[in-house]
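*Asks:* Okay, predicted coordinates and the sequence, questions at the end:
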Amino acid sequence: MAIAFPTIDPVALYLGPIPYLDITLAIRWYSLAYIAGIVIGWWYVAREHARKPIPNLSKNALDDIITWAVIGVVGGGRLGYVLFYKPGYYLENPSQTLHLWEGGMSFHGGLLGVIIAFILFARRHKMRFFQLIDIIACAAPIGLFFGRLANFINGELYGRVTDAPWGIVFPGGGDLPRHPSQLYEAALEGVVLFGILYYMLKYTNARDKPGMLGGTFIAGYAVARMIVEFFREPDDFLGYLFGFVTMGQLLCLPMLAYGLYLIFRKPPAYATITHKAA
């Protein structure tokens, strides 16, 4: 038994060719997923800021969050893919590094990019980094959810061969049914992780312990990704690094360690936060 892959065009909207240039403009679902994740995530941050203001986060600074998020996610995600997954190829073909439309993004690189971007953002606006990043972390699963749905639509990052009744025959994945691992990730990294952080944000005092929400996101993602890697087909150019361990799992180990450190560390001296109106 197997489920046929749904016929979904990866391109959401064709805008047509550009005169005199061999280029066809199109808007892909993958691009819309990034836009939706960032815009809805920004709205969620703004709503939480209105409910319980982040010190020194003015309206102008709040509006700038989208720009800094895009730079961190796209720049870090692409650079992470180049360095973590195909350093040799891009060393020989450096011009290909800028070909974002051909795919190739790394969550781990995107996470590092966002962290660096908001360290600079916090310094510029004289903010406490963890007071800001904790709220950003609560919104991050929204982007992960849409991103994994886009992976499914593209028929990429599919799972290993399975005899489960919900196995799907993916284009490019051979004739055998495979785990829809993109949907597993959308559920765990997106829905479940968002639910955990939402509960902590609304019903506990986690926000008054800077770093706890950010640490929960990092550790939660690491656990979710390490679980799904047992069902996801390893990248064909990497395979298994050793035994059954994949690159995704290896990169999650330091994330898990750092996330647990943030959760269980002694609260910093400024942990008692006085929230002022924005």
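*Replies:* Received the coordinates, thanks.
*Asks:* my read: residue 40 touches residue 141, true?
*Replies:* No. Using Cβ atoms under 8 Å, residue 40 is not in contact with residue 141; the gap is 10.8 Å. From N, CA and C alone the C-beta is placed, and that goes for glycine too.
*Asks:* and the residue nearest to residue 105 when sequence neighbours are not counted, what does it touch?
*Replies:* The spatial neighbour of residue 105 that comes closest, neighbours along the chain excluded (Cβ to Cβ, 6 or more residues apart in numbering), is residue 77 at 4.0 Å. For residue 77, the contacting residues are 105-107, 109-110, 113, by Cβ atoms under 8 Å, 6 or more residues apart in numbering.
*Asks:* Residue 77 sits in which helix or strand?
*Replies:* Per DSSP states H and E: residue 77 is located in helix 76-84.
*Asks:* Tell me where the model's unsure across the protein.
*Replies:* Along the chain, segments meeting pLDDT under 70 span 1, 20-23, 98-103, 237-238, 269-278.
*Asks:* so where do the strands sit in it?
*Replies:* Here the chain has its strands, by DSSP state E, at 3-4, 11-17, 24-28, 168-169.
*Asks:* Give me the distance between residue 56 and residue 38.
*Replies:* Look at residue 56 and residue 38: by Cβ to Cβ, to the nearest Å, they are 22 Å apart.
*Asks:* Correction: the previous question concerned residue 24.
*Replies:* Residue 24 is 25 Å from residue 38, by Cβ to Cβ.
*Asks:* Tell me which of these two has more neighbours.
*Replies:* residue 38 (21 against 11; other Cβ atoms under 10 Å).
*Asks:* Can you say which of the strands of the chain is nearest to residue 129?
*Replies:* Between residue 129 and the strands of the chain, the tightest spacing by Cβ to Cβ is seen for strand 24-28, at 33.5 Å.
*Asks:* Which of the residues in that closest one are classified as buried?
*Replies:* Going by neighbour count (16 or more other Cβ atoms under 10 Å), the buried part of strand 24-28 is residue 28.
*Asks:* do stretch 151-168 as well
*Replies:* 151-160, 162, 167-168.
*Asks:* before we move on, what about stretch 227-238?
*Replies:* Under 16+ other Cβ under 10 Å, the buried positions of stretch 227-238 are 228-229, 231-234.
*Asks:* now do stretch 262-270
*Replies:* Those would be 262-263, for stretch 262-270 by 16+ other Cβ under 10 Å.
*Asks:* Alpha carbons of it, as PDB, please.
*Replies:* Output of stretch 262-270 as PDB, limited to C-alpha atoms (Å, rounded to 0.1, in the frame of the first residue of the first chain):
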ATOM      1  CA  LEU A 262      20.100  27.900  29.200                       C
ATOM      2  CA  ILE A 263      17.100  26.100  30.800                       C
ATOM      3  CA  PHE A 264      18.900  25.100  34.000                       C
ATOM      4  CA  ARG A 265      21.400  27.800  34.500                       C
ATOM      5  CA  LYS A 266      21.200  30.200  37.400                       C
ATOM      6  CA  PRO A 267      19.100  33.200  36.500                       C
ATOM      7  CA  PRO A 268      21.100  36.300  35.600                       C
ATOM      8  CA  ALA A 269      21.200  39.300  37.900                       C
ATOM      9  CA  TYR A 270      18.700  41.200  35.800                       C
END
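*Asks:* Please list the residues outside that stretch that contact it.
*Replies:* Around stretch 262-270, the neighbours that count as contacts under Cβ under 8 Å, 6+ apart are 128, 130, 209-212, 214-216, 218-219.
*Asks:* Apply 10 Å and report the result again.
*Replies:* Residues from elsewhere that reach stretch 262-270 (Cβ atoms under 10 Å, 6 or more residues apart in numbering): 55, 128, 130-131, 133-134, 137, 206, 208-220.
*Asks:* and it, how far from the chain's centre?
*Replies:* Distance of stretch 262-270 from its chain centroid, counting by Cα atoms, centre = their mean, to the nearest Å, is 25 Å.
*Asks:* With stretch 249-257 instead?
*Replies:* With Cα atoms, centre = their mean, you get 15 Å for stretch 249-257.
*Asks:* Helices of the stretch 151-278 of the chain, residue ranges please.
*Replies:* Remark: helices assigned in the stretch 151-278 of the chain by DSSP state H, counting those that start in this stretch are 181-185, 193-203, 212-228, 247-264.
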